[in-house]
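Trainee: Got a predicted model here, sequence first, then my questions.
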Amino acid sequence: MKKSILILLLLSFSITFSQELREKCITIEEKKLPEYKVRVIKTNHCVEPKEITVSVYIVREWEKKKRKKRKTRKNKK
């Protein structure tokens, strides 16, 4: 009886842990800068220590990249 309860508890913890891992790992933050530029900060939370990438794009280039990502995401579904 005790073994079965213990097994059930372990299974429940493993399921909740796996659900937490499915969260989005990468967050993208945009900040508008003067002179038609955008600062993009990508943060990867799944690696230890956090991986932070900062890059600056012209607004047109950034919009083009976002459009391209959207198209590939739609095609995958």
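Mentor: Arrived safely, thanks for sending. Residues are numbered from 1 along each chain as shown.
Trainee: Can you list the strands that the host helix or strand of residue 43 pairs with?
Mentor: Taking DSSP states H and E as the definition, one finds residue 43 inside strand 37-44. Using DSSP bridges, the strands paired with strand 37-44 in its sheet are strand 26-33 (antiparallel), strand 51-58 (antiparallel).
Trainee: how far is that strand from where the chain is centred?
Mentor: 13 Å (CA atoms, centre = their mean, to the nearest Å).
Trainee: who touches that strand?
Mentor: 25-33, 50-59, 62 (CB atoms under 8 Å, 6 or more residues apart in numbering). For the C-beta atoms, the positions are set from N, CA and C on the backbone; glycine is no exception.
Trainee: List only those of the residues you listed flagged as buried.
Mentor: For these, a burial check counting by 16 or more other CB atoms under 10 Å picks out 57, 62.
Trainee: Now the residue most central in space within the chain: closest residue in space, sequence neighbours ignored.
Mentor: When the chain is reduced to its mean C-alpha position, the closest residue under CA atoms, centre = their mean turns out to be residue 26, at 2.3 Å. Closest residue to residue 26 apart from its sequence neighbours, by CB to CB, 6 or more residues apart in numbering: residue 44 at 5.2 Å.
Trainee: Thanks a lot, see you next time.
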